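>>> Here is the input, now give the coordinates:
(2 chains)
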2 protein chains.
Amino acid sequence: MADATGLELRSTVGEDGTLTLSLEEVTLGAPGPDEVIVRVEAAPINPSDLGLLLGPADVSTMAVSGDAVRPVATFAVPQGRMGSLRARVGQSLPVGNEGAGTVIDAGENGRDLIGRKVGMMGGGMYAQLRKLPLRDVVPLPDGASVADGAAMFVNPLTALAFVETMRMEGHKAIVHTAAASNLGQMLQRICLADGVPLVNIVRSAAQAKILTDIGATHVLDSSAPDFRKALVEAIAATGATIAFDAIGGGTLGSDIVQAMEQAASRSAAAYSRYGSDTFKQLYIYGALDLSPTTINRLAFGFQWSVSGFLLTPFLQRAPRETVKAMRARVVAELTTTFASRYTATIGLAEALNPDVLRAYERKATGEKYLIDPTR
Amino acid sequence: MADATGLELRSTVGEDGTLTLSLEEVTLGAPGPDEVIVRVEAAPINPSDLGLLLGPADVSTMAVSGDAVRPVATFAVPQGRMGSLRARVGQSLPVGNEGAGTVIDAGENGRDLIGRKVGMMGGGMYAQLRKLPLRDVVPLPDGASVADGAAMFVNPLTALAFVETMRMEGHKAIVHTAAASNLGQMLQRICLADGVPLVNIVRSAAQAKILTDIGATHVLDSSAPDFRKALVEAIAATGATIAFDAIGGGTLGSDIVQAMEQAASRSAAAYSRYGSDTFKQLYIYGALDLSPTTINRLAFGFQWSVSGFLLTPFLQRAPRETVKAMRARVVAELTTTFASRYTATIGLAEALNPDVLRAYERKATGEKYLIDPTR
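The predicted model follows:
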């Protein structure tokens, strides 16, 4: 097959503090022996993609130029936030962690994949065409659509990684925030199947219903007046001593650790001014709240840890057999445990439409956008 | 020997939110076969003792009654802080983690210790007499005074535990705050002997001099205008990726992790919006600043952990041989590496004198009080 050409979404931060989104024409050379070329047909907009796409740009400053086919969107980055972007200034960066599509060309070791639908990881998925090594694509099971396979890496493997981390680090139940997300629903389904007690924290009654509808036992609304009391009770009932927090900013994470300490203190034999001897672990894996994390550590002694959590280092650290089993489970349960729901499907150029961009940029739980670059 | 009677300092929190310090007369029965009775002659006031002694009481509310021999001091505990004290309400608690003195009686397995000076751990050291199991006393080496042996557990073992933790967790250099403390000086001497690079953070030029006088290479004054820049340089020069922080509150700990990230980013091959892949560990082991810990995590990606650090769990977790070697080193180097300096020696009743109490309660680096209950 001849060279293939397609549009690719790029994000660039300039020296002057302008972030630019544009669609660049990219020509892919013929695939190497262990490579495939995929027509991208579905790629989700995950919170983890927005960090690269928009960085800390001020969305209210958005201006659009160009034309309907190849719009160009620009944003101002507040001066105080340019420091963290130094390493990417001037680089035209492709975006989109994962996606799915149809293999349209392949090197000699991937010939049998031509015409097959595959899930993909490796970045740069907001593009019409993507060339990838064979190891980064997974054929979709029979009956699965590209929408089913678009998000088979980040959320499913992260949800499974939470449960594996719980096991590896000796905990027996989990607390999860922003729990009505696609990821949170997957985690609840895994926990139900595996018999792992899970305390879900959401921010509204509507979100709570999403979880109770799939069988959740412990669903707490952090906006309810008795939230803190209910949290201690749920933690005491489950024995949760590990939490995964998508919010990150503010005091919610600290409040969770404090509730774990209060639950642990109920069974303490004697007073210790160093707190209980129950070890409490909070992992922060998202940044729905960009403000600093406030830790009221005097409320929970010295047996605690607050850490960043990222999927890739987990996959590098975990036993190879564990990772293999996790991947196999995602394929086997792609349309059940790991089903994702999307609120809307948009084209590549539409992703640069101000109304659409503001909608997906809000990261509202229960709202999820899928890009279909063939539109 | 007949029953022995002596005074013992006690701290009690009442239901009404009053914290009371008093000297109680305690009668000790004859020692069991594996017990000794020690006349306490020196016990340091460590920051870790103040938590139990004064808790979160408001020192400005101090009132003294009783007489010169057995004064009684009372303080108000702010209502909002009573929650963390629930488990100790109504209990008359002995205070003082460690000390030294002379063995005056012993059970059949400790007879050879009678008349010997020993270091002790196990709490309740602010007392004229202390009955202890043999395993909690260590005979002082020849030539060592009770002042030399009064603090042979908490600071020496904590300083050694920092270095062992560094090794066990795969780091190669350390950052330490409040570094001019007795503990900090011990840590610097250990690091010099063991060839471990150490970045000391202090709060004044006078404190800096204490450390440079004993051979420190990296001493940074956090009140200096170029502190943040100098911190990045010192971390880049040493490769420090683990920090031990005695301060706890505010942003200093976060600033240290951020400086580690900045140093790591210098050598990063490509931009990652998840930050560098260098793992950064901050341990908080003290609370010189009682305010919440503020973590500006967006400045340092996801490869980090902020944790409480406490000696006892470390000693339980570490290999038995490591702990044995640590203890032996403290005895061997008691008057050199592990030498402590004291600003003043006070009697038991004097510890309840308002001027004296306010002086040791300030926890000023370089000031250290020793209680001698025989005064």
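>>> List the contacts of the closest residue to A:I104 other than its chain neighbours.
Closest residue in space to A:I104, ignoring its immediate chain neighbours: A:R39 at 5.1 Å, by CB to CB, 6 or more residues apart in numbering or on different chains. (Each C-beta comes from the backbone N, C-alpha and C, glycine too.) A:R39 sits next to A:G101, A:T102, A:I104, A:Q128, A:L129, A:T374 when contact means CB atoms under 8 Å, 6 or more residues apart in numbering or on different chains.
>>> ok, those vs chain B, which is closest?
Nearest to chain B out of the contacts of A:R39 is A:L129 (CB to the nearest CB; 22.6 Å).
>>> list the contacts for the closest one?
Listed by CB under 8 Å, 6+ apart, the contact set of A:L129 reads A:A4, A:T5, A:G6, A:E8, A:V26, A:L28, A:I37, A:V38, A:R39, A:V40, A:I104.
>>> how many other residues sit next to the second one?
I take that to be A:T5. 11 (other CB atoms under 10 Å in any protein chain shown).
>>> Hmm, it is touching A:T27, no?
Yes - using CB atoms under 8 Å, A:T5 is in contact with A:T27, at 4.6 Å.
>>> Which helix or which strand is home to A:R10?
Element membership for A:R10, per DSSP states H and E: strand A:4-13.
>>> And for A:S305?
strand A:304-308.
>>> what's the answer for A:A147, then?
helix A:146-149.
>>> The stretch 151-300 of chain A: strands as residue ranges?
A:174-177, A:198-202, A:218-221, A:242-245, A:248-250, A:280-284, A:289-295 (DSSP state E, counting those that start in this stretch).
>>> Which one of those strands lies nearest to B:S60?
Nearest to B:S60 among the strands of the stretch 151-300 of chain A is strand A:289-295 (26.4 Å), distances taken as CB to CB.
>>> Strand B:304-308 and that closest one, what's the angle between them?
Relative orientation of strand A:289-295 versus strand B:304-308 (axes from the mean of the first three to the mean of the last three CA atoms, to 10 degrees): 30 degrees.
>>> Touching the one helix or strand in chain A whose mean pLDDT sits lowest from outside, list them.
Using mean pLDDT, DSSP states H and E, helix A:47-54 stands out as the lowest-scoring helix or strand of chain A, at a mean of 89. Helix A:47-54 is contacted by residues A:9, A:11, A:19, A:21, A:45, A:75, A:93, A:95-97, A:154, A:246, A:286-288, A:360-361, A:363, B:273-274 when judged by CB under 8 Å, 6+ apart.
>>> same thing but 6 Å
Outside of helix A:47-54, the residues within contact range by CB atoms under 6 Å, 6 or more residues apart in numbering or on different chains are A:S11, A:V95, A:G96, A:N97, A:G286, A:K363, B:R273.
>>> How about the contacts made by the last one?
When you say that, I think you mean B:R273. A:G51, A:L52 are the contacts of B:R273 under CB under 6 Å, 6+ apart.
>>> let's go with 10 Å and repeat that
With contact set as CB atoms under 10 Å, 6 or more residues apart in numbering or on different chains, B:R273 has these partners: A:48-53, A:55, A:84-85, A:87-88, A:93, B:301.
>>> quick one: it and B:A240, what's the gap?
25 Å (CB to CB, to the nearest Å).
>>> next one: the fourth one
In this structure, A:N97 lies at 32 Å from B:A240, with CB to CB as the measure.
>>> And those two? Which one has more around it.
Each of A:N97 and B:A240 has its neighbours counted (other CB under 10 Å); B:A240 has more, 27 against 22.
>>> Neighbours of the residue nearest to A:N46 when sequence neighbours are not counted, how many?
Leaving aside its sequence neighbours, A:N46 sits nearest to A:V154 (CB to CB, 6+ apart; 5.6 Å). Neighbours of A:V154 under the rule other CB under 10 Å: 19.
>>> does A:V154 really touch A:L183, like I thought?
Yes - A:V154 lies in contact with A:L183 (CB atoms under 10 Å); the separation is 8.2 Å.
>>> Can you work out which residues contact both of these two?
By the contact definition CB under 10 Å, 6+ apart, A:V154 and A:L183 are jointly contacted by A:N46, A:P47.
>>> any chance of the strands of the stretch 151-300 of chain A in a markdown table, plus mean pLDDT and distance to B:L140?
Shown next, in a markdown table, are the strands of the stretch 151-300 of chain A (pLDDT from 0 to 100; distance: least, CB to CB, whole Å):
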| stretch | mean pLDDT | distance to B:L140 |
| --- | --- | --- |
| strand A:174-177 | 98 | 49 |
| strand A:198-202 | 98 | 52 |
| strand A:218-221 | 98 | 55 |
| strand A:242-245 | 98 | 44 |
| strand A:248-250 | 96 | 51 |
| strand A:280-284 | 98 | 39 |
| strand A:289-295 | 95 | 40 |
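>>> Among those, which comes closest to chain B?
Ranking the strands of the stretch 151-300 of chain A by their distance to chain B (criterion: CB to the nearest CB) puts strand A:289-295 first, at 4.1 Å.
>>> Mind listing what's buried along that closest one?
Neighbour-count burial for strand A:289-295, counted by 16 or more other CB atoms under 10 Å in any protein chain shown, picks out A:D289, A:P292, A:T293, A:T294, A:I295.
>>> what does it rub up against?
A:56, A:81, A:178, A:245-255, A:257-258, A:282, A:284, A:287, A:304, A:306, B:248-249, B:251, B:253-254, B:284, B:291-299, B:306, B:308.
>>> 8 Å instead, please
By CB under 8 Å, 6+ apart, the residues outside strand A:289-295 that reach it are A:56, A:247-251, A:253-254, A:257, A:284, A:306, B:254, B:292-298, B:306.
>>> Separate out the buried members of those residues.
Buried among the contacts of strand A:289-295 (16+ other CB under 10 Å): A:56, A:247-249, A:253-254, A:257, A:284, A:306, B:254, B:292-295, B:297-298, B:306.
>>> Quick check: residues of the stretch 1-150 of chain A near chain B?
Selection of the stretch 1-150 of chain A residues close to chain B by CB under 8 Å from any CB of the partner chain yields A:G51, A:L52, A:G55, A:G83, A:S84, A:A87, A:R88, A:Q91, A:L93.
>>> okay if I get these as a markdown table plus neighbour count?
Shown next, in a markdown table, are the residues of the stretch 1-150 of chain A next to chain B (neighbours: other CB atoms under 10 Å in any protein chain shown):
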| residue | neighbour count |
| --- | --- |
| A:G51 | 16 |
| A:L52 | 19 |
| A:G55 | 19 |
| A:G83 | 11 |
| A:S84 | 20 |
| A:A87 | 16 |
| A:R88 | 19 |
| A:Q91 | 12 |
| A:L93 | 17 |
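>>> and the residues you listed as a markdown table, adding distance to A:K324?
Shown next, in a markdown table, are the residues of the stretch 1-150 of chain A next to chain B (distance: CB to CB, whole Å):
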| residue | distance to A:K324 |
| --- | --- |
| A:G51 | 29 |
| A:L52 | 28 |
| A:G55 | 35 |
| A:G83 | 40 |
| A:S84 | 35 |
| A:A87 | 33 |
| A:R88 | 33 |
| A:Q91 | 34 |
| A:L93 | 31 |
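>>> Report the buried residues of stretch A:260-268.
Result for stretch A:260-268 [16+ other CB under 10 Å]: buried residues A:M260, A:E261, A:Q262, A:A263, A:A264, A:S265.
>>> any idea how far the last one lies from B:L85?
Just to be clear, that refers to A:S265. For A:S265, the distance to B:L85 (CB to CB) stands at 11 Å.
>>> Domain ranges for chain A, per the record?
As assigned by automatic domain parsing, chain A contains the domains A:4-151+A:341-371, A:154-316.
>>> among the ones you listed, which is nearest B:T278?
domain A:154-316 (10.9 Å).
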